[in-house]
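> okay, sequence plus prediction incoming.
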Amino acid sequence: MAQVLKKCDCRNKARCAHRWTVRYREPGGRSARQRERSFPTKKEAESFGVKAENDKRQGVYIDPQLGQISMRKWAEEWLARHQVNESTRRNYQGFLSNHLIPELGSRTLAGLTVTDVKKLQAAMTARGLAAATVNDRMNILRSMMTAAVKERRIADSPCEEVPPLKTAGAAVDPDEIPTLAEV
């Protein structure tokens with residue numbers, strides 16, 4: 001069980017200015033790693049403790065430290081583990097170095113929001129990339145975020161709420177359609 005406490009020697013614990021600390025263990029019992037997190041109020045600390053315990057029971061606990069990796073580092077790790085042919089790897093690397101890392105490289109994986117993903121999509125469109133190309137690049141990002149969710153680094157992907165851009169179909173010239181005799 002999570003333990004809520006104050007680490008101070010104040011006589012009046014209810015009114016001292018020190019922060020409340022929650023001490024809890026990651027899933028795995030007594031051999032699991034022990035963690036601590038501080039909060040300004042006892043109510044916030046107790047709420048976090050209850051949530052951490054419920055998440056462990058339900059099997060949905062996510063270690064907050066795993067999501068603190070930068071997008072730059074996560075992209076490099078993901079690409080290194082992703083088995084693709086060399087031309088696809090160059091394509092992915094081009095997206096990472098030209099678009100993803102300049103826009104979102106300093107953000108943490110857990111700190112990435114839907115707004116950030118939409119801004120990346122808009123920035124690629126503003127640079128003149130076609131909608132189909134932007135959608136292709138966004139699929140790479142979706143794949144990276146799906147891998148992060150599967151590895152339990154983040155709870156859910158910020159890409160899920162960003163719809164693909166609508167692509168304009170090529171106009172068909174009626175004069176270029178072959179007649180039945182030509183076919």
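Right, received. Where do you want to start?

> just the strands in the protein please.
Assigned by DSSP state E, the chain shows strands spanning 3-6, 20-25, 34-39.

> ok, the last one: who's next to it in the sheet?
Each strand pairing with strand 34-39, determined using DSSP bridges, is listed with its direction: strand 20-25 (antiparallel).

> so what's the residue nearest the centre of the chain scoring on pLDDT?
Closest residue to the average C-alpha location of the chain: residue 109 at 4.5 Å, with C-alpha atoms, centre = their mean. At residue 109, the pLDDT value in this model is 89.

> distance of it relative to residue 151?
10 Å (C-beta to C-beta, to the nearest Å). Glycine gets a C-beta too; all of them are placed from N, C-alpha and C.

> distance from the chain centre to stretch 43-51, please.
24 Å (C-alpha atoms, centre = their mean, to the nearest Å).

> other residues contacting that stretch?
1, 2, 3, 4, 20, 21, 22, 24, 37, 38, 39 (C-beta atoms under 8 Å, 6 or more residues apart in numbering).

> next, count neighbours for the second one.
Spelled out, that is residue 2. Look at residue 2: counted by other C-beta atoms under 10 Å, it has 18 neighbours.

> okay, it and residue 147: tell me how far apart.
Using C-beta to C-beta, one gets 30 Å for the distance from residue 2 to residue 147.

> one more: the third one?
Going from residue 3 to residue 147 by C-beta to C-beta gives 34 Å.

> repeat that for residue 7.
Taken as C-beta to C-beta, the span from residue 7 to residue 147 is 38 Å.

> who has more neighbours out of these two?
For residue 7 versus residue 147, the count of surrounding residues by other C-beta under 10 Å is larger for residue 147: 16 against 11.

> for the nearest residue to that one once chain neighbours are set aside, give its distance to residue 116.
Nearest residue to residue 147 in three dimensions, chain neighbours excluded: residue 78, at 5.7 Å (C-beta to C-beta, 6 or more residues apart in numbering). Going from residue 78 to residue 116 by C-beta to C-beta gives 17 Å.

> what does residue 92 give?
Residue 92 is 19 Å from residue 116, by C-beta to C-beta.

> quick one: which of those two has more around it?
Ranked by neighbour count (other C-beta under 10 Å), residue 92 and residue 116 place residue 92 first, with 20 against 16.

> confidence-wise, which of the contacts of stretch 43-51 comes last?
residue 1 (72).

> and that one, how far from residue 52?
10 Å.

> same thing with residue 141?
Residue 141 is 29 Å from residue 52, by C-beta to C-beta.

> and if you look at residue 148?
Residue 148 is 20 Å from residue 52, by C-beta to C-beta.

> same check on residue 166?
Distance, residue 166 to residue 52, using C-beta to C-beta: 42 Å.

> so where's the longest helix in the chain?
helix 131-150 (DSSP state H).

> okay, now the domains of the protein?
3-58, 66-150 (automatic domain parsing).
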